[in-house]
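Peer 1: quick one, structure for this:
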Amino acid sequence: MPDDKTILLVEDNPDDVALTLRAFRKQNIHNEIVVAEDGVEALDYLHGRGRYSGRDASQQPTIILLDLQLPRMNGLEFLKELRSHPETKLMPVIVLTSSNEERDLVESYSRGANSYVRKPIEFSEFLNAVQTLGLYWLLINTRPPQAK
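Peer 2: Numbers count the residues shown, from 1 in each chain. Here you go, the predicted model:
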């Protein structure tokens, strides 16, 4: 798969980060993956502030993989904030969570998630999910233009 499209992974659990990175490698998805540990850090990355000051904020990730259970700013709060800014409001967001709560599903879509994927327990299932996500969001999907 092409590797010119960056993925922003917003995940605080080091085991889930390692699992996700391993799954992408095993599926030959070699895109740059930037990891943010919570919603605050992810917004700093997107807007080029904090430890990311100086980063060219016009270069945005192709997709955001978002966990919901995060410290400081959880995934739902992040979605609300992301969608409130013209330059990020159309950015594709895939909620990637272990939550089975219907309210999380409904609230994620209500706040602008493009997709909601429950993390499979088995690694082989997770590999299949990553392959499908990669094929669709990195190769097939046509992204809206970035705000200027």
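Peer 1: could you work out the end-to-end span of stretch 86-102 for me?
Peer 2: End-to-end span of stretch 86-102 (Cα to Cα, to the nearest Å): 29 Å.
Peer 1: and the contacts of the host helix or strand of residue 82?
Peer 2: Secondary structure assigned from DSSP states H and E places residue 82 in helix 75-83. Residues outside helix 75-83 that contact it (Cβ atoms under 8 Å, 6 or more residues apart in numbering): 10, 39, 42-43, 46, 64, 66-70, 73, 88-89, 91, 93, 95, 97, 104, 107-108, 111-113. Any C-beta I mention is one placed from the backbone N, CA and C, and that applies to glycine too.
Peer 1: ok, then the element right after the longest helix along the chain?
Peer 2: Taking DSSP state H as the criterion, the chain has its longest helix at helix 14-26. As assigned by DSSP H and E, the chain's next helix or strand after helix 14-26 is strand 33-36.
Peer 1: that following strand pairs with which strands, parallel or anti?
Peer 2: strand 7-10 (parallel) (DSSP bridges).
Peer 1: re the thing from before, just the buried subset of the contacts of helix 75-83, please.
Peer 2: Neighbour counting over the contacts of helix 75-83 (16 or more other Cβ atoms under 10 Å) leaves 10, 39, 42-43, 46, 64, 66-68, 70, 73, 88, 91, 93, 95, 97, 104, 107-108, 111, 113 as the buried ones.
Peer 1: could you list which of those belong to helices?
Peer 2: 39, 42, 43, 46, 104, 107, 108.
Peer 1: tell me what the helix or strand bottoming out on mean pLDDT in the chain is packed against?
Peer 2: Within the chain, confidence by mean pLDDT, DSSP states H and E is lowest for helix 123-133 among all helices and strands, at a mean of 77. With contacts taken as 3 or more Cβ pairs under 8 Å, 6 or more residues apart in numbering; DSSP states H and E, helix 123-133 sits against helix 14-26, strand 115-118.
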